[in-house]
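[1] All I have is the shape, not the residue letters:
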Ligand SMILES: NC(=O)c1ccc[n+]([C@@H]2O[C@H](COP(=O)([O-])OP(=O)(O)OC[C@H]3O[C@@H](n4cnc5c(N)ncnc54)[C@H](OP(=O)(O)O)[C@@H]3O)[C@@H](O)[C@H]2O)c1
């Protein structure tokens with residue numbers, strides 16, 4: 001069994017969610033409130049390691065309540081010891097591949113004894129095994145918050161059930177696509193609704209498995 005996975009992201013009208021190595025703020029206040037509301041209803045938030053390195057997010061639910069578990073997908077244990085995700089209260093699960101450096105894992109564990117680790121996959125994290133592991137830990141709803149590479153792998157694997165995509169009227173030019181991968185994906189999202197927040201539009205899709 002897998003958790004129910006909801007993707008949430010803000011995207012420019014030229015289909016980009018960010019720029020390589022640079023933090024870009026796309027959501028307006030209402031959209032941020034919407035994201036925090038989704039976080040408050042999720043058991044876990046899941047992000048790729050490049051997002052942690054670029055944005056250094058806290059990944060907390062600011063509208064009160066318990067922080068969801070933070071899951072970081074990081075094959076080679078590149079997670080910086082001083083990352084904000086490690087300093088906020090709440091559980092953090094670092095998903096690595098079996099090839100991750102032992103020294104890096106020991107350093108991270110020494111600095112953050114509460115950090116949980118899941119090792120699966122040879123070169124990259126095996127998302128199917130990770131999701132089954134999360135489900136067994138009682139995580140039934142996962143909010144997927146990017147970035148583009150992780151979004152692509154998750155959609156390609158058939159693991160996404162719902163998507164909230166906020167369309168922001170800016171053109172970022174060269175950048176990271178919402179689904180940043182080489183292969184086309186055969187998923188057929190179904191439009192469930194449209195919400196307008198000022199000049200931003202949230203597209204809500206369900207994704208049949
Ligand atoms: N606008 C928004 O809503 C939003 C939300 C989130 C992020 N972003 C932006 O997105 C950008 C980061 O996106 P990104 O595409 O570069 O990186 P990403 O998706 O955050 O992280 C991708 C990395 O995760 C690791 N990984 C491990 N197993 C994986 C697997 N099975 N599938 C995919 N990745 C796996 C890989 O690195 P290793 O091989 O080293 O493990 C991979 O390079 C940042 O600029 C950030 O600001 C925007």
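    Done, it's in. For clarity, every value in this text was computed on a predicted model and none was experimentally measured. Numbering: from 1, shown residues only.
[2] Beyond the lowest-mean-pLDDT helix or strand in the chain, next helix or strand please.
    Counting by mean pLDDT, DSSP states H and E, the chain has its least confident helix or strand at helix 29-40, which shows a mean of 91. Using DSSP states H and E, the helix or strand that follows helix 29-40 in sequence is strand 44-48.
[3] on that earlier part again, what's the offset of the least confident helix or strand of the chain from the middle of its chain?
    Remark: helix 29-40 is offset 14 Å from the chain centroid, using CA atoms, centre = their mean, to the nearest Å.
[4] now stretch 42-56
    Offset of stretch 42-56 from its chain centre (CA atoms, centre = their mean): 5 Å.
[5] likewise stretch 15-26?
    The answer for stretch 15-26 is 14 Å, by CA atoms, centre = their mean.
[6] What are the buried residues along that stretch?
    Residues of stretch 15-26 classed as buried by neighbour count (16 or more other CB atoms under 10 Å): 16, 17, 18, 24, 26. The way it works is simple: take the backbone N, C-alpha and C, and place the C-beta from them, glycine included.
[7] where's the third one, which helix or strand?
    When secondary structure is defined using DSSP H and E, the element that contains residue 18 is strand 16-18.
[8] Paired strands for that strand, with orientation please.
    Looking at strand 16-18 with DSSP bridges, its partner strands are strand 176-177 (antiparallel).
[9] what mean pLDDT does the helix or strand that the partner strand is followed by have?
    Using DSSP H and E, the helix or strand that follows strand 176-177 towards the C-terminus is strand 190-197. The average pLDDT for strand 190-197 rounds to 96.
[10] the inter-axis angle of the next helix-or-strand element following strand 190-197 versus strand 190-197?
    On the C-terminal side of strand 190-197, the closest following helix or strand by DSSP H and E is strand 200-206. Interaxial angle of strand 200-206 relative to strand 190-197 (axes from the mean of the first three to the mean of the last three CA atoms, to 10 degrees): 160 degrees.
[11] got a list of contacts for strand 200-206?
    Strand 200-206 is contacted from outside by 10, 27-28, 30-31, 34, 161-169, 189-196, using CB atoms under 8 Å, 6 or more residues apart in numbering.
[12] Only the buried subset of these, as a ChimeraX command please.
    Per 16+ other CB under 10 Å, the buried members of these correspond to this ChimeraX selection:
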select :10,27,28,31,34,161,162,163,164,165,166,167,168,189
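[13] just the helices in this structure please.
    All helices of the chain, identified by DSSP state H, fall at 29-40, 49-55, 102-111, 127-136, 148-156.
[14] now the ones you listed as TSV including distance to the ligand?
    Formatted as TSV, these follow (distance: least, CB to the nearest ligand atom, whole Å):
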stretch	distance to the ligand
helix 29-40	8
helix 49-55	3
helix 102-111	11
helix 127-136	5
helix 148-156	3
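[15] if you average pLDDT over each of those helices, which comes out lowest?
    If you rank these by mean pLDDT, helix 29-40 sits at the bottom with a mean of 91.
[16] and the angle from that helix to strand 44-48?
    Counting by the same axes, to 10 degrees, helix 29-40 lies at 110 degrees to strand 44-48.
[17] and helix 29-40, what does it pack onto?
    Applying 3 or more CB pairs under 8 Å, 6 or more residues apart in numbering; DSSP states H and E, we find helix 29-40 packed against strand 4-12, strand 162-168, strand 190-197, strand 200-206.
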